[in-house]
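1. no sequence on hand, only this structure:
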């Protein structure tokens, strides 16, 4: 019985660790995200599988959120997202890689400028891959409210990004 439980936890780590790290990074920064996620998985080890089956993703993201917010309350500061090269394909030329990196960096910045609730919903959806129902469970909202929050957030990001692109084209 214990072996099966261990496999379940290990499978959960393999499946959700990266998404949880991205989500935690948006809340507490890269320096503390690993600790938050590690605490989440330690808490998972203490749980009975049958208590979490059917809503594992929502449970993991909820625990990660609470751990991150506890840490923020203690430290009262958050670090910016790292600028990564994850989105660039290996066969892209230097100019394309630079443009993708700049676009990704700007989008991360725009997400970071959103109000906390909108930022959290965006990261749960796109960073965590959660469904609207799972996001609603994590954020303790209705599914329709999640849809509204995501719509508002994406509309804000899109409007800002498009207006900046138009301004750049006019400047050239």
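-> Structure received. Just so it is clear, the model here is predicted, and its values are computed rather than measured. Numbering: from 1, shown residues only.
2. wait, residue 26 touches residue 109, no?
-> No. The pair residue 26 and residue 109 fails to qualify as a contact (CB atoms under 8 Å) at a distance of 11.7 Å. Where C-beta positions appear, they are placed from N, C-alpha and C, glycine not excepted.
3. who's more crowded, these two?
-> residue 26 (23 against 13; other CB atoms under 10 Å).
4. residue contacts, the more buried one?
-> Residues near residue 26 by CB atoms under 8 Å, 6 or more residues apart in numbering: 81, 111-112, 119-120, 123, 127.
5. could you turn the buried ones of the residues you listed into a PyMOL selection?
-> Selection of the buried residues among the contacts of residue 26 in PyMOL, burial being defined by 16 or more other CB atoms under 10 Å:
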select buried, resi 81+111+119+120+123+127
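6. what's the most distant pair in the contacts of residue 26?
-> In terms of CB to CB, those reach their longest pairwise distance at 81 and 120, which sit 14.2 Å apart.
7. spatially central residue for this protein, please.
-> Computing the C-alpha centroid of the chain and ranking residues by CA atoms, centre = their mean puts residue 23 first, at 2.7 Å.
8. per-residue pLDDT, it?
-> Residue 23 is assigned a pLDDT of 87 by the prediction.
9. how about residue 104?
-> So, for residue 104, pLDDT stands at 76.
10. ok so, going back, and which of the contacts of residue 26 is nearest to residue 32?
-> residue 81 (12.8 Å).
11. one step back: give me the element the residue nearest to the centre of the chain is part of.
-> Using DSSP states H and E, residue 23 sits in helix 2-28.
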